[in-house]
Structure formats: structure tokens, C-alpha cells
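1. Give the three-dimensional model of this entry:
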Amino acid sequence: MNTERHSRHVNNETAHSPRERFYRRERRSVPAAREFTRAALSDWGVPPGAYDDILLCAGELTTNALVHGVPPGRGLRLRLVPCGDLLRVEVHDSGGGEPRVTAPAEESGRGLLLVAALADKWGVAQRNPGKIVWCEFSGALRPPHDPSGARPGMRRA
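-> Model prediction:
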């Protein structure tokens, strides 16, 4: 059974259009979300060596939502939103709670510790119901209108 219900490409005419996909509350959704992210980054021309951090963070945010934020019978939405050279990864879920970074010695919460270390920014926004946990990567994308053809490198915080 496919864990992905549908995919919506907001504007198929532009290479850097936002992309989103819905995933059910099941373990195989995490590798499917990473593959969806990998395909989008490839379509957008991000060099494979530059998107390891993005894949890791997309996987961690998806895992956190599935473990802590998605009520039984529900799912999550993964959105990849490019804006110029910036990429925003968003995970929407309908659960409560406030995600937080924990100390490395604690049993859980280390995923957000990785996200905080690898992404340029991260945060939580409220939605009804639930929340959006997001992270951003500056310099991840070459703006579609950049005539130079140069690809900026990833910047680490």
C-alpha cells in the first residue's frame, strides 16, 4: 500500500515551485518523505552533496511529527517551499504539544537538536488544529532567474 495519498505541485511551469505531499501515520512514511525531498532537490538542481543536511532535517521533522504530533488515524503534510536561494521545509500535523530541543543526554528530542545545528533557522507555528514545525536553509537553491549559472554552497549556522 502506498503511504502517499497525493502530491500537489503548486505551479508545474516553474522549476522552483513549492511541493507538498501527505503521509499517513506509519513508519514507511519517513523514507518516503526523504525520497520525495531528494527528488525535489534533484529537480531544482541542488548538487547531491549539498542536500544531505536538508534530507536529514526533513526526515527528523517527519519522524517527530509521526511519533509525537500525529494522532491515530491522521497524517502529516510535508511542504518544501523555495524562495530565491532559500529552502523552507515544513511539516504540518494536527497534534498538540510544543516541540523543543532537549539536552543530548535525554532519551528523546535529539532530532530537533540536529535540526537546530544543521538548519539556518527553525521554529514552530500554530495552525488549527495542530502546528507547523519548519526549518530553513539559506543558499540551498540557485534562484531560477540567476543568469550566472553559479550555484551557491550550503551555509551552516
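2. all helices for the chain, in order.
-> Assigned by DSSP state H, the helices in the chain fall at 29-43, 52-64, 110-118.
3. Just the buried positions in the shortest one, please.
-> Right, helix 110-118. Using 16 or more other CB atoms under 10 Å as the test for burial, helix 110-118 gives 111-113, 115, 118. All C-beta atoms are positioned from the backbone trio N, CA, C, and that covers glycine.
4. in this protein, which helix or strand is least confident?
-> Counting by mean pLDDT, DSSP states H and E, the weakest-scoring helix or strand in the chain turns out to be strand 4-9, with a mean of 42.
5. related to what we said a few turns ago, from the buried residues of helix 110-118, pick the one nearest Asp53.
-> Leu118 (4.3 Å; CB to CB).
6. Look up how far Pro72 lies from that closest one.
-> Counting by CB to CB, to the nearest Å, the gap from Leu118 to Pro72 is 30 Å.
7. Kindly report the same for Trp44.
-> Trp44 sits 35 Å away from Pro72, going by CB to CB.
8. now swap in Asp43 and tell me
-> 34 Å.
9. thinking again about what came up before, deepest in the core, which of the helices of the chain is it.
-> Neighbour counts (mean count of other CB atoms under 10 Å) averaged over each of the helices of the chain peak at helix 52-64, with a mean of 21.
10. what's the spacing between it and its chain's center?
-> 6 Å (CA atoms, centre = their mean, to the nearest Å).
11. Over to stretch 71-88?
-> On CA atoms, centre = their mean, the centre of stretch 71-88 falls 5 Å from the chain's centre.
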